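1. what follows is a predicted protein model with its sequence.
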Amino acid sequence: MPLAQPPPMGAQLLSEDTFADQRVYVTGGGTGLGKAIACEFARCGADIVVASRDAEHRQDGVNAIEAIGRRAVGVEVDIRDAGAVAESFDIVEAELGPVDVLINNAAGNFEVPAERMSANAFRTVVDIVLNGTFNCSREFASRRLQAGRGGAILNIGAPYAATGGPSTAHSAAAKAGVNNLTWSLAVEWAPDDIRINTLAPGYFPEPDRSGWVSPGAALDNRNAQIAERLTTLPGGRVGEARELGWLATFLCSPFASYITGHVVVLDGANWLRRGPIGDPFEPIRESFDRRREGGP
Amino acid sequence: MPLGSPPSPNRMLPPNSFKNSVVMVVTTGHWLSQEIAASFASYGAAVVIAGKDSKHCEAAAAELAAANTEAFAIGFDPADPDSVADCFETLEQRLGGVGVLINPFSEGSEVPAEQMSPARWHEVTDTLLDGSLFCAQELARRRIDDDAGAAIVNFATPFSVTGGAGLTPWETAKAGLSHLTKSLAVEWAPYNIRVNAVAPGQLEARGSRSNAEIAATLSAGRCCQAADVCACVLYACTPFAAYLTGHTFDIDGASWQRQGRLPPKFESIRSRYERTIPPPE
């Protein structure tokens, strides 16, 4: 029997008043895992800020939160721009009230062998993932410090931050930077009751995107590719977005008051899978090209 | 303003979250194990307090039973695989299969490595490291046989990256447990047996030491409380954490990362030991 399926959609780990009268600001909160995490906070009583560059994504996120019965506002922001981040906080705080929890979820990533990765590609991914996380965290924390109130930050990381990420060197370096930032900021802000942690999801195929299936994979090919991936996972199943939501709400709740500066990997032990004898090694360049041409 | 205090973990999960579960808490007599047992009991679990000191286990179980809990005590030696097997046989005959195993925890007391006796080393590592493995093995064999799944929680240390000077047997055993947690998680994920660990930071003192004095040395501004650890252990064992395995939770208020630009003056372990611990009569 593989790892058990989680409780059904809508089941709640924490009660519906856990985040009552709190505002949760989610970058990239209009799609995929960001939206799923935002929805779980809403089920636990929070109002949500859906921060995104894309108007359609923002509207999707707001609709999902309102369907749960909570308030939501969308705000346009490019997190690479610290000034724009500050403005976005001004806008949403005027409308909803002060932000209590920040989820640094927005990211950019794509597979490419390192020698074909342009300097611009590297810079862009690091700018969104690492600099964007810092910009939002700094803005959030300075407002909380000013108000004399604690708060919680959760970064969305990646298991390969610990091992390196061949074929995603830019993202892996940026996510490793986020882990390190988590450690530094936690010590700096613990005396002010501002906690910061990182949640690193394993393979969580997103219902509305091809996600990490294969470079350029068509959505209609998705289920077949997931089925193939299952055979590679020790837990025998992929992650469900709601499981990330539950862990995210736990880490930002008062029940985790003493957890800060911590990186949690939720991946069914997949990143730990290292045997003395591995599968035959294939260079990244070759596997990338093969898969891009539709191969397995 | 230090890190906030946690609410009672007994109000975290949906009621009766562990009804019909048998939870085995292996104890060295530490109050933290007893608090964890009480947390599971508050969600309807049948709790077994198991350890080398039968009298302690009986008293601890009686305390839980007084609060209207199904609680049982059993004496065994976690470092002896035969004793572990007998213990599981006895309690599973009586209560049914163990679904949650909480492995032993103990706090260290400082001793310079060159002065530590082999007996001291083994006393600690036999129970914490070997004992945790033997209990986990016995549980896994049984749950693989009946395909019922299980959740195991080991006790690790937040200092596995930095080492734990002065506390070598405890810190080494706990760092080993963090590694064991990872290996067992991969080995047993195919059988729905999840293995995680918690690594509490400086626990609040229950006794003569001053908590304020300890808190002043911590970035968190307060000590780790039982509720901090219980909430995390409960989460790790619920079905809501069905995809969580191989993980060690640091519950330490960002203590291990604290590398100041101007750290306090360094004092050797031996010098501090001789200064603070009175010589034997």
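-> Looks like it arrived, so ask away.
2. rounded mean pLDDT for the helix or strand harbouring residue A:155, please.
-> In this assignment (DSSP states H and E), residue A:155 forms part of strand A:151-156. Taken as a whole, strand A:151-156 has a mean pLDDT of 98.
3. next one: stretch B:176-190
-> 97.
4. and it, what's buried?
-> If you call a residue buried by 16 or more other CB atoms under 10 Å in any protein chain shown, then stretch B:176-190 has these buried ones: B:176-178, B:180-182, B:184-186, B:188-189. To be clear about C-beta, it is placed using only N, CA and C from the backbone, and glycine gets the same treatment.
5. which entries in the residues you listed are shared with the contacts of chain A?
-> Taking CB under 8 Å from any CB of the partner chain as the test, chain A is in contact with B:182, B:185-186, B:189 out of the buried residues of stretch B:176-190.
6. name the next helix or strand downstream of the one helix or strand residue B:233 maps to, please.
-> Element membership of residue B:233 [criterion: DSSP H and E] is helix B:226-237. Per DSSP H and E, the first helix or strand lying C-terminal to helix B:226-237 is strand B:248-251.
7. partner strands of that following strand, with direction?
-> Applying DSSP bridges to the sheet, strand B:248-251 is found paired with strand B:193-200 (parallel).
8. export the partner strand to PDB, keeping only CA atoms.
-> Extracted in PDB, the C-alpha atoms of strand B:193-200 (Å, rounded to 0.1, in the frame of the first residue of the first chain):
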ATOM      1  CA  ILE B 193       4.600   3.800   7.200                       C
ATOM      2  CA  ARG B 194       5.700   7.400   7.700                       C
ATOM      3  CA  VAL B 195       8.800   8.300   9.700                       C
ATOM      4  CA  ASN B 196       9.400  11.900  10.900                       C
ATOM      5  CA  ALA B 197      11.200  13.500  13.700                       C
ATOM      6  CA  VAL B 198      11.000  16.500  15.900                       C
ATOM      7  CA  ALA B 199      14.000  18.500  17.200                       C
ATOM      8  CA  PRO B 200      13.000  20.600  20.200                       C
END
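9. rewinding a little: quick one: residues in contact with the helix holding residue B:233.
-> The contact list for helix B:226-237, computed with CB atoms under 8 Å, 6 or more residues apart in numbering or on different chains, reads A:13, A:247, A:250, A:255-259, B:5-9, B:12-13, B:17-18, B:23, B:31-32, B:35-36, B:39-40, B:43, B:100, B:102, B:151, B:153, B:194, B:196, B:198, B:200, B:203-204, B:241, B:244, B:247, B:249, B:251.
10. and these, which of them are in strands?
-> Secondary structure assignment by DSSP state E places B:23, B:100, B:102, B:151, B:153, B:194, B:196, B:198, B:200, B:249, B:251 of the contacts of helix B:226-237 in strands.
11. not counting its neighbours along the chain, what's nearest the second one?
-> When the adjacent residues along the chain are set aside, residue B:100 lies closest to residue B:23, with 4.3 Å between them (CB to CB, 6 or more residues apart in numbering or on different chains).
12. same check, this time on the third one
-> In space, not counting the residues next to it along the chain, residue B:102 is nearest to residue B:25; the distance is 4.5 Å by CB to CB, 6+ apart.
13. check which helices and strands the helix or strand containing the one you found sits against.
-> Residue B:25 belongs to strand B:22-27 when assigned by DSSP H and E. Applying 3 or more CB pairs under 8 Å, 6 or more residues apart in numbering or on different chains; DSSP states H and E, one finds that strand B:22-27 makes contact with helix B:31-42, strand B:46-51, helix B:54-66, helix B:81-95, strand B:100-102, helix B:131-146.
14. name the nearest residue to residue B:273, sequence neighbours excluded.
-> residue B:112 (5.3 Å).
15. select the longest helix from chain B.
-> When chain B is parsed with DSSP state H, its longest helix is helix B:168-188.
16. just the CA trace of that one, in PDB.
-> Presented in PDB, the C-alpha positions along helix B:168-188 are these (Å, rounded to 0.1, in the frame of the first residue of the first chain):
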ATOM      1  CA  THR B 168      28.100  14.500  22.600                       C
ATOM      2  CA  PRO B 169      26.100  11.300  23.400                       C
ATOM      3  CA  TRP B 170      22.700  13.000  23.200                       C
ATOM      4  CA  GLU B 171      23.500  15.200  20.200                       C
ATOM      5  CA  THR B 172      25.200  12.300  18.300                       C
ATOM      6  CA  ALA B 173      22.400   9.900  18.900                       C
ATOM      7  CA  LYS B 174      19.800  12.600  17.900                       C
ATOM      8  CA  ALA B 175      21.700  13.600  14.800                       C
ATOM      9  CA  GLY B 176      21.900   9.900  13.900                       C
ATOM     10  CA  LEU B 177      18.100   9.700  14.400                       C
ATOM     11  CA  SER B 178      17.600  12.500  11.900                       C
ATOM     12  CA  HIS B 179      19.500  10.500   9.400                       C
ATOM     13  CA  LEU B 180      17.700   7.300  10.400                       C
ATOM     14  CA  THR B 181      14.400   9.100   9.900                       C
ATOM     15  CA  LYS B 182      15.400   9.800   6.300                       C
ATOM     16  CA  SER B 183      16.500   6.300   5.500                       C
ATOM     17  CA  LEU B 184      13.500   4.600   7.100                       C
ATOM     18  CA  ALA B 185      11.100   7.000   5.400                       C
ATOM     19  CA  VAL B 186      12.300   6.000   1.900                       C
ATOM     20  CA  GLU B 187      12.400   2.300   2.900                       C
ATOM     21  CA  TRP B 188       8.900   2.200   4.300                       C
END
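17. quick one: list the elements packing against it.
-> On a contact count with 3+ CB pairs under 8 Å, 6+ apart, helix B:168-188 meets helix B:118-125, helix B:131-146, strand B:150-155, strand B:193-200.
18. now the residue in chain B that chain A sits nearest to: which helix or strand?
-> For chain B and chain A, the shortest gap (CB to the nearest CB) falls at residue B:254, measuring 3.3 Å. Residue B:254 is part of no helix or strand when elements are defined by DSSP H and E.
19. and the stretch 101-250 of chain A, which of its residues are near chain B?
-> Residues of the stretch 101-250 of chain A lying near chain B by CB under 8 Å from any CB: A:148, A:150, A:183-184, A:186-187, A:190-193, A:195, A:202, A:234-237, A:239-240, A:243, A:246-247, A:250.
20. try it again at 6 Å.
-> Contacts of the stretch 101-250 of chain A with chain B, taken as CB under 6 Å from any CB of the partner chain, map to A:150, A:183, A:186-187, A:190-193, A:234-235, A:239, A:243, A:246, A:250.
21. quick one: low-confidence ranges for the stretch 151-296 of chain A?
-> Applying pLDDT under 70 to the stretch 151-296 of chain A picks out residues A:207-221, A:275-278.
22. what are the boundaries of the strands in it?
-> Here the stretch 151-296 of chain A has its strands, by DSSP state E, counting those that start in this stretch, at A:151-156, A:194-201, A:263-266.
23. re the thing from before, for the residue nearest to residue B:100, give me the pLDDT.
-> Listed pLDDT for residue B:23 reads 98.
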